[in-house]
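K.L.:
3D model of this:
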Amino acid sequence: MTVPAPPRPGARSGLRRWSADTFAALAEPNYRRYFAGQAVSFIGTWMQLVAQAWLVLELTGSATWVGLVLAAQTLPVLLVGPYGGLVADRADKRRLLVALQLVMAGLAGALAVLTLTGTVALWHVLLLAAALGVTDAFEKPARQAFVIEIVGPDTLRNAVSLNSVMVNVARVVGPALAGLIIAAGGIGLCFALNAASYLPIAWLLLRLDAARLRPAPPQPHERGQVRAGLAYVRREPMLAVPLLMMAVMGCLTYEFPVTLPVLAKETFAGDSRTYGFMTAAMAVGSVVGGLWTAARGRTGIATLVRGALLFGALVLATALAPTVELAMLLLVGVGAASVSVMARGNATLQLHADPAMRGRVMALWLVAFLGTTPLGGPLAGWVAATFGPRWGLVLGALGCLLAAAIGAVALRRLPARAPATRA
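P.N.:
Reported below is the predicted structural model:
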């Protein structure tokens, strides 16, 4: 019997170094608690999104209403997001996040009760979706700005990348669980479980070791602080340029929920399973890209330019793919590039933002990424419907190239004091 040779010491040490680099932020006890709570909450959030869409379809039989309910939930980020960032700058972020988790648990719980009792109506869903969107507009800037207070600047990019991995794992697990739960216990049970999923993160936030946090001093209440935040970003190219790049890509490129279903059905003559496989391919790539970015990488405008170029090239190649198999393979790369660009852009902003302004800066990041969806989604849909599904992806590739051009022009004008940094 042949006994396999043990791993070489060099291989073991290399694996340990890779693991330490990839999961560096998890060495911080506070981040481990925060990460665990967020993982549960994100799975619940994806479960609710699937259940909500299914409920609207049952109530109306209309895909248009599904889109309108989603718009009602995302539009508040565009409308009140900057005010949410201001509140994050004024408040103790940990206490604010605990309060907002409880509010979101209440909203999901209300929808669960209405659904389980058979009294739910479309206007209930619209109203609660809008209320959840308003809450998100305050919760997301606080959550984004709180990460650096947990881990500090040295491992911020790593923490942001690991968070992206967690979101994409939840994007696979949550909908799968929702399908099983809807079949076994009904739509209302998904809403009830999502309501419960907010409680662990609230409890774990309360259990964080306050002595290890690095809180930014809460800002006093003054007039014109939202305008002051906008003026601050305009004065700082290391903030304004990444935000403008993300606004362009957020509007034109990150519209895959609009373009991929049409590509699957009309270009490749597929069905819902084809679209599911395409989405899964992107999710797998997102996890791989998030882990790679967590282990190594740089922040700064130059890296965003290179990332946008690679992202655009992969989206364009997907648009030109002659077979669905090749398209799925390329979508793995698209998912990896998309997460890498998001993580690096997020970390670049947080590292260069004044702590007193970080909440407002991250609110603008969310406006650039999520708040542009009500504008870009219909545009991508119109292009795909008018010129063909492939052209919807070509539009996304052009968005990446335009964003890269904006960053490249800015780099030529920036002083040499702002090189890319490792984080």
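
K.L.:
Show the contacting residues for Gly407.
P.N.:
241-242, 245, 301-302, 304-305, 308 (CB atoms under 8 Å, 6 or more residues apart in numbering). In this view, the C-beta of every residue, glycine as well, is placed from N, C-alpha and C.

K.L.:
Please apply the same query to Leu393.
P.N.:
259, 263, 315-316, 318-319.

K.L.:
Could you do Ala178 as well?
P.N.:
Contacts of Ala178 by CB under 8 Å, 6+ apart are 46-48, 50-51, 190.

K.L.:
So what's the residue count around the closest residue to Leu100 other than its chain neighbours?
P.N.:
Among residues not flanking Leu100 along the chain, Glu139 sits closest, at 4.3 Å (CB to CB, 6 or more residues apart in numbering). Neighbour count for Glu139, taken as other CB atoms under 10 Å: 20.

K.L.:
would you list the contacts of Leu393 in CSV and tack on pLDDT, distance to Ala211 and secondary structure?
P.N.:
As requested, those are exported to CSV (pLDDT from 0 to 100; distance: CB to CB, whole Å; DSSP: H, G, I helix; E, B strand; the rest coil):
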residue, pLDDT, distance to Ala211, secondary structure
Thr259, 81, 48, helix
Leu263, 85, 52, helix
Val315, 95, 46, helix
Leu316, 96, 50, helix
Thr318, 95, 48, helix
Ala319, 94, 52, helix
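
K.L.:
which one among the contacts of Gly407 gets closest to Gly37?
P.N.:
Pro242 (28.1 Å; CB to CB).

K.L.:
hang on, that closest one in a helix?
P.N.:
Yes. With DSSP: H, G, I helix; E, B strand; the rest coil as the criterion, Pro242 is part of a helix.

K.L.:
correct me, but it touches Gly345?
P.N.:
Yes. A contact is recorded between Pro242 and Gly345 when judged using CB atoms under 8 Å, the distance being 4.9 Å.

K.L.:
what do those two both touch?
P.N.:
Here Pro242 and Gly345 have Leu304 as joint contacts, going by CB under 8 Å, 6+ apart.

K.L.:
Narrow the contacts of Ala178 to those in helices?
P.N.:
Using DSSP state H, the members of those that fall in helices are 46-48, 50-51, 190.

K.L.:
the domain parsing of this structure - what is it?
P.N.:
22-215, 224-423 (automatic domain parsing).

K.L.:
Can you tell me which of the contacts of Ala178 lies closest to Gly106?
P.N.:
Gly106 lies nearest to Gln48 out of the contacts of Ala178, by CB to CB, at 13.4 Å.

K.L.:
what about the residue nearest to the closest one when sequence neighbours are not counted, how many residues close to it?
P.N.:
Spatial nearest neighbour of Gln48, chain neighbours left out: Asn194 (4.1 Å); criterion: CB to CB, 6+ apart. Other residues lying near Asn194 total 28 when counted by other CB under 10 Å.

K.L.:
Let me know the helix or strand that Asn194 is in.
P.N.:
Assigned by DSSP states H and E, Asn194 falls within helix 187-206.

K.L.:
Same check on Met362?
P.N.:
helix 358-369.

K.L.:
Name the next helix or strand following that helix along the chain.
P.N.:
For helix 358-369, the succeeding helix or strand toward the C-terminus, using DSSP H and E, is helix 373-387.

K.L.:
got the buried residues for that following helix?
P.N.:
373-374, 376-377, 379-381, 383-384 (16 or more other CB atoms under 10 Å).

K.L.:
And for stretch 324-344?
P.N.:
Residues of stretch 324-344 classed as buried: 324, 327-328, 330-344 (neighbour count, 16+ other CB under 10 Å).

K.L.:
cool, stretch 183-191 as well?
P.N.:
Within stretch 183-191, the residues scored as buried using 16+ other CB under 10 Å are 187-191.

K.L.:
how far is that stretch from where the chain is centred?
P.N.:
Chain-centre distance of stretch 183-191: 25 Å, with CA atoms, centre = their mean, to the nearest Å.

K.L.:
got the contact list for that stretch?
P.N.:
Stretch 183-191 has contacts (CB under 8 Å, 6+ apart) with 47-48, 50-52, 54-55, 58, 108-109, 111-113, 115-116, 178, 181-182.

K.L.:
pull the CA atoms of that stretch into PDB?
P.N.:
What follows is stretch 183-191, C-alpha atoms only, in PDB (Å, rounded to 0.1, in the frame of the first residue of the first chain):
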ATOM      1  CA  ALA A 183     -43.300  25.400  -1.600                       C
ATOM      2  CA  ALA A 184     -43.400  23.900   1.900                       C
ATOM      3  CA  GLY A 185     -44.900  26.700   4.100                       C
ATOM      4  CA  GLY A 186     -46.000  29.600   1.900                       C
ATOM      5  CA  ILE A 187     -44.800  33.100   1.000                       C
ATOM      6  CA  GLY A 188     -45.600  34.600   4.400                       C
ATOM      7  CA  LEU A 189     -43.100  32.300   6.100                       C
ATOM      8  CA  CYS A 190     -40.300  33.800   4.100                       C
ATOM      9  CA  PHE A 191     -41.300  37.300   5.300                       C
END
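
K.L.:
what's the angle between the helix or strand containing Ile182 and helix 187-206?
P.N.:
Using DSSP H and E, Ile182 falls within helix 156-185. Interaxial angle of helix 156-185 relative to helix 187-206 (axes from the mean of the first three to the mean of the last three CA atoms, to 10 degrees): 150 degrees.

K.L.:
give me the low-pLDDT residue ranges for the stretch 251-400 of the chain?
P.N.:
272, 295-297 (pLDDT under 70).

K.L.:
hmm, try it at 80
P.N.:
257-258, 261, 271-276, 279-280, 290-291, 293-299, 370-375, 377 (pLDDT under 80).

K.L.:
Please, where are all the helices along it?
P.N.:
In the stretch 251-400 of the chain, the helices defined using DSSP state H, counting those that start in this stretch lie at 256-262, 272-295, 301-320, 324-352, 358-369, 373-387, 389-413.

K.L.:
shouldn't Glu139 be in contact with Leu102?
P.N.:
No. The criterion here is CB under 8 Å, and Glu139 misses it with Leu102 at 11.0 Å.
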